[in-house]
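Novice: sequence and computational prediction follow.
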Protein chains: 2
Amino acid sequence: MTAEALATPRLIEADALIAEMGARARVAAKIMAVAPTGAKAAALRAAAAELRAQAPAILAANARDMDAGKTAGLSSAMLDRLRLDEGRLAAIADAVEDVAGLADPVGREIDRATRPNGMELSRVRVPLGVVGIIYESRPNVTADAAALGLMSGNAVILRGGSEAVNSNRAIHAAMAAGLEASGLPADAVQLVPVQDRAAVGALLRAQGLVDIIIPRGGKGLVARVQDEARVPVLAHLDGINHLYIDGAADPAKAVELAVNAKMRRTGVCGATETILIDRAYPAPLAIVDALIAAGCEVRGDKGVAALSAHVETAAAGDWDTEYLDAIVSIALVDGLDGALAHIDAHSSRHTDAIVTEDNETAERFLAEVDSAIVMHNASTQFADGGEFGLGAEIGIATGRLHARGPVALEGLTTYKWLVRGTGQVRP
Amino acid sequence: MTAEALATPRLIEADALIAEMGARARVAAKIMAVAPTGAKAAALRAAAAELRAQAPAILAANARDMDAGKTAGLSSAMLDRLRLDEGRLAAIADAVEDVAGLADPVGREIDRATRPNGMELSRVRVPLGVVGIIYESRPNVTADAAALGLMSGNAVILRGGSEAVNSNRAIHAAMAAGLEASGLPADAVQLVPVQDRAAVGALLRAQGLVDIIIPRGGKGLVARVQDEARVPVLAHLDGINHLYIDGAADPAKAVELAVNAKMRRTGVCGATETILIDRAYPAPLAIVDALIAAGCEVRGDKGVAALSAHVETAAAGDWDTEYLDAIVSIALVDGLDGALAHIDAHSSRHTDAIVTEDNETAERFLAEVDSAIVMHNASTQFADGGEFGLGAEIGIATGRLHARGPVALEGLTTYKWLVRGTGQVRP
C-alpha cells in the first residue's frame, strides 16, 4: 500500500504529505481524463466485486472501529452511521456498480458553431481534475464518492473521519484494487493515511494540486471547510427550506405535502423547516393538527399560536433554524409577497416550495425565489440527485458558481473549447 | 449622485462603504434578475444615448485625468490606454448598444425531464447576482463591463483605476442615467467612490454581498486579486500559449500561422509565446526566418539556435515567460508526445494550438491538452469572445470551475432547478 508507506515520520508533515499525494493524483488525473467510458465502468465493476470478495475483511475492520467507538463513548447515532453489516456492505457494492452504468459526461458536446471564416468551435465536457472529499463517520462515502469521482474522469483524494479509519482503509483498498485490475492507476483514488487535523488544513490549502473540495458531513465540518479553504468548495451549509401554502392551495394537497415535506425523514437536508401559510388560506388549523398528529412539535408565530393550544410560540431564532428533527416553525404571511419576503430573509437557498392551484402565482414563485431548487406542488423531500434522475449525488450545492442543487457526474466536470480550423489566421 | 454622497468621512471606512454598496446592489440585483429582456436592452440603449449626449462632459473629465497623468509621469503606454477622443467614445457607446442586441441568457432552459412520478424538472439560467469588477486605467471597461453585467441580469460594482477617476465617474453617470431612464434601479451599476486600496480589499472580502470578482488588467492586479479574494474570482493570470508545428504540418500554413499567432498583436493574451517544432518537421528554418523578417526576436533551444545566427539561446525562464512583446521562444520537440510534455509543464492553460495535416494527431492534441482553448490549424490570436461569436467578452478564464475560456453573458449566469408537480410526495 503506497498510501500506508507514506505514513512515516519523514513525511508526516501535513503539507509535504498532501503535496506528495496531490502530485501523484495529478498524474493519475491525466490518465483518468482520457480513459474510455468502458475502462472506467470496468474499474467500478471490479471495485464492486472486490468489495463483495473482501466483505469479511471490511466487516472485521469495521468491528474494530465500532469497538473503539464504543470505548470512546460515541453516541448511538454516530455508532449507527459508522456501523456496517452484510446488508449495508452489499448496498455499497451495488451503488458502486450502479454508478458504472451512468452516462459518462466526459467528451459530451455542450454546443457547437461554425464561424463565418470556417472555424468549427465546440465546447466539450472534461473532468475537473483532482477532487478532494472530506467526510465524517459514514464509511460508505469512501466508496460512493470515489465511484462518482472516478466515473467522471477525476482523481480523488479522500479524507474520512478518524472514527472510521479501519473501515475506510479496507474499503479504499478494494476500490484501488478495482482500478488496478482494470489497468487504471490506483493513485486515482487515494486515502489520506494520517488522522491529524493538519492534513485537512493542508488539503484545504492545496491550490494547484486539488481543483475542488467537497465536504460531506454536519454543519460544523462544512463551516470549517468553507472558512479555511483556499481551494474552491462545493457544498451546502444547511437546508432551511420553506413550504409556502398559498391562499389558492388545494387543502388536501396542502396537508399531505406539509406532512411529507416535514416528517418523511426529518434528518435530511431537503426536509422542510418552516411552513408559511397565506392569511387567505381557509384551513390553517388542519395543517397544524396534521403535523401534530404526525408527531411534530409546532412553533408558530402569534397567529398560528392562537389556532391551537398545542402550538408553542416561536422565538426569533426559530426562523433561522435547521431543526433536522420533528419540529417545525409556522408563520402566517400576507400572500405571495409576504412569502417571498420571508423566504428572501431566512432561506438558506437550498429548496423552497409553493402549494397552489393558481399557476400564475406558482410561476412568479418559481421565477422570484432565488434558491438552488424551487418547487411547485411537490415535497421538498425530493431534493436529491437520485430523485432528480441523476443516478446518484456527491452532494447538494447552495453556492452560486459552477453547479447548484444536486451535484452528480456532470457537476464533477468542466469544459474546454475546441477549435478546428484549416489554417485560419486572424486579420 | 448617491455614490458621491457616500464618500464622506463618516463612511470612508472601507468595509462599511462596501457593505453599504453591496446591500444596495443586492436589492437592485433582485429587480434586475426578473427584468424583462426588453427593459434591459432599453436601458443599455438609453445608456448608449447618454454616452453620446454627454460626450463633451466625458471628454472634459478625461482631459483632467490626462493632465493629472502627465503631471504624475505616467508612461506613454498608460496615457494611451487612458486617453479618450470622440472616435473612442463613439466606439464605447456603440459597444454598449451591441450588447443590448445580444441574446438574453436569463430564463434559458438548459435541460428538462419528466420523472416517472410525473414531476417536471427543468434547469434554467439565472443571473449570478452581484458582480464586482476591478480594473486599471482603461475607462472603456466602465461601460463594457457594466453593459455585460446588466444585460445578464446582474448588479455590478465597479472599481476603476485612480488615474481614470474622472473619466470613470462621467461614464458611470451616463450608464446610471440610462438605467433610470428605463425604470431600472441605478443601484444596479455602482462605482466605488473612493480610490484608496482598502476599498479593493473590502470588495475582495465581501462574501455574501458580492458573488464574483472579475479583475481586468495586468498580471500584478490579477495576482493580487487571486491572492487576497475570499469571493470567487473569474480571471486568467497570463497567457503562455503554445503553437506546436507537427511533422505532418503543411509548411505554408505553418509559417503563416506562426507569424500571425505571434505577431498580429503581441500584447494580447491570446498571442503565442512559445513555438514547438517537431524534430521531424522538414523546414524549421523557414519559420524562424519568417518570424525574424516580421520583426520578432527569436530565443531558441540549442537545436533552434544552431539553425540561424540570428537566434539567441533561450534561458530556462524563457519557457515560462509571457513576453507580450515581439519576442518568441522556440524549442524542438520529439513529436506529439514531446509537445504534450512541454505544454503540460509550461502552459498557463489559456490557449494552445497544433498545426498538422494528420487528423489523428490533431484529435489526440485536442483531447489531451488540458487548456481552456485548444486549437487545430488556427491562430491562437482567435482566443477572444467576439471571434468566438459571443458578441463580447468580460474576460478569459483559465480556472477550471464555472466558466472557462472567453466569458460573456452566459458566464455571468448560473442556474436553478425548477420542479413542477401536481402534489407529489416522496414515499
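Specialist: Everything's here; your move.
Novice: might you enumerate the residues of the stretch 51-200 of chain A proximal to chain B?
Specialist: A:113, A:115, A:119, A:121, A:126, A:128-129 (C-beta under 8 Å from any C-beta of the partner chain). In short, each C-beta sits where N, CA and C put it, glycine included.
Novice: hang on, A:Ile396 in a strand?
Specialist: Yes: according to DSSP: H, G, I helix; E, B strand; the rest coil, the state of A:Ile396 is that of a strand.
Novice: so it is in contact with A:Val407, correct?
Specialist: Yes: between A:Ile396 and A:Val407 there is a contact at 6.8 Å, judged by C-beta atoms under 8 Å.
Novice: tell me, what's touching these two both at once?
Specialist: A:Gly385 (C-beta atoms under 8 Å, 6 or more residues apart in numbering or on different chains).
Novice: is A:Lys30 in a helix, a strand, or coil?
Specialist: At A:Lys30 the chain is in helix, as set by three-state DSSP.
Novice: list the contacts of it.
Specialist: Contact analysis of A:Lys30 by C-beta under 8 Å, 6+ apart lists B:344, B:368, B:370.
Novice: part of a strand, is the first one?
Specialist: Think B:Asp344. No: remark: B:Asp344 does not belong to a strand; assigned using three-state DSSP, it is helix.
Novice: quick one, what contacts it?
Specialist: For B:Asp344, the contacting residues are A:30, B:370, by C-beta under 8 Å, 6+ apart.
Novice: at 7 Å instead, please
Specialist: If you count contacts by C-beta atoms under 7 Å, 6 or more residues apart in numbering or on different chains, B:Asp344 has none.
Novice: out of the helices and strands in chain A, which is least certain?
Specialist: Least confident helix or strand, chain A: helix A:2-6 with a mean of 48, by mean pLDDT, DSSP states H and E.
Novice: so where does A:Thr142 fall, helix or strand?
Specialist: Using DSSP states H and E, A:Thr142 maps to helix A:140-151.
Novice: that helix packs against which elements?
Specialist: Counting contacts by 3 or more C-beta pairs under 7 Å, 6 or more residues apart in numbering or on different chains; DSSP states H and E, helix A:140-151 packs against helix A:37-53, helix A:86-100, strand A:130-135, strand A:155-159, helix A:165-181.
Novice: any chance of CSV for those, columns mean neighbour count and mean pLDDT?
Specialist: Output for the helices and strands packed on helix A:140-151, formatted as CSV (neighbours: other C-beta atoms under 10 Å in any protein chain shown; pLDDT from 0 to 100):
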stretch, mean neighbour count, mean pLDDT
helix A:37-53, 21, 97
helix A:86-100, 18, 96
strand A:130-135, 27, 96
strand A:155-159, 28, 97
helix A:165-181, 24, 96
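Novice: any chance of TSV for these, columns distance to A:Val27?
Specialist: Output for those, formatted as TSV (distance: least, C-beta to C-beta, whole Å):
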stretch	distance to A:Val27
helix A:37-53	17
helix A:86-100	23
strand A:130-135	10
strand A:155-159	8
helix A:165-181	14
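Novice: among these, which is nearest A:Thr413?
Specialist: Closest of these to A:Thr413 is strand A:130-135, at 10.6 Å (criterion: C-beta to C-beta).
Novice: angle of the closest one against helix A:140-151?
Specialist: If you take axes from the mean of the first three to the mean of the last three C-alpha atoms, to 10 degrees, strand A:130-135 sits at 170 degrees to helix A:140-151.
Novice: ok so, going back, from the contacts of A:Lys30, pick the one nearest B:Tyr135.
Specialist: Minimum distance to B:Tyr135 across those is 28.6 Å, recorded for B:Asp370 (C-beta to C-beta).
Novice: list the residues that contact that closest one.
Specialist: Counted by C-beta under 7 Å, 6+ apart, B:Asp370 has contacts A:33, B:349.
Novice: what's the longest strand belonging to chain A packed up against?
Specialist: Of all segments of type strand in chain A, defined using DSSP state E, the longest is strand A:413-424. With contacts taken as 3+ C-beta pairs under 7 Å, 6+ apart, strand A:413-424 sits against strand A:120-127, helix B:251-263, strand B:373-378.
Novice: single out the most deeply packed of those.
Specialist: strand B:373-378 (a mean of 27; mean count of other C-beta atoms under 10 Å in any protein chain shown).
Novice: now the angle between helix B:251-263 and that one, please.
Specialist: 140 degrees.
Novice: how distant is strand B:373-378 from the center of its chain?
Specialist: 19 Å (C-alpha atoms, centre = their mean, to the nearest Å).
Novice: what segments of the stretch 251-400 of chain A are strands?
Specialist: A:272-278, A:297-300, A:312-313, A:327-333, A:351-355, A:373-378, A:395-397 (DSSP state E, counting those that start in this stretch).
Novice: got TSV for those strands, with mean pLDDT too?
Specialist: Listed next are these as TSV, based on pLDDT from 0 to 100:
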stretch	mean pLDDT
strand A:272-278	98
strand A:297-300	98
strand A:312-313	96
strand A:327-333	98
strand A:351-355	98
strand A:373-378	98
strand A:395-397	93
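Novice: which of those sits closest to chain B?
Specialist: Smallest distance to chain B across these (C-beta to the nearest C-beta): 3.1 Å, for strand A:373-378.
Novice: outside of the closest one, which residues touch it?
Specialist: With contact meaning C-beta under 7 Å, 6+ apart, strand A:373-378 is reached by A:253, A:350-355, A:362, A:365-366, A:383, A:405, B:119, B:416-424.
Novice: closest one to B:Arg279 among the helices and strands packed on strand A:413-424?
Specialist: helix B:251-263 (14.3 Å).
Novice: any idea of the mean pLDDT in the closest one?
Specialist: Mean pLDDT, computed over helix B:251-263, is 98.
Novice: which strands and helices sit next to that helix?
Specialist: Using 3+ C-beta pairs under 7 Å, 6+ apart, helix B:251-263 is in contact with strand A:413-424, strand B:241-245, strand B:272-278, helix B:284-293, strand B:351-355.
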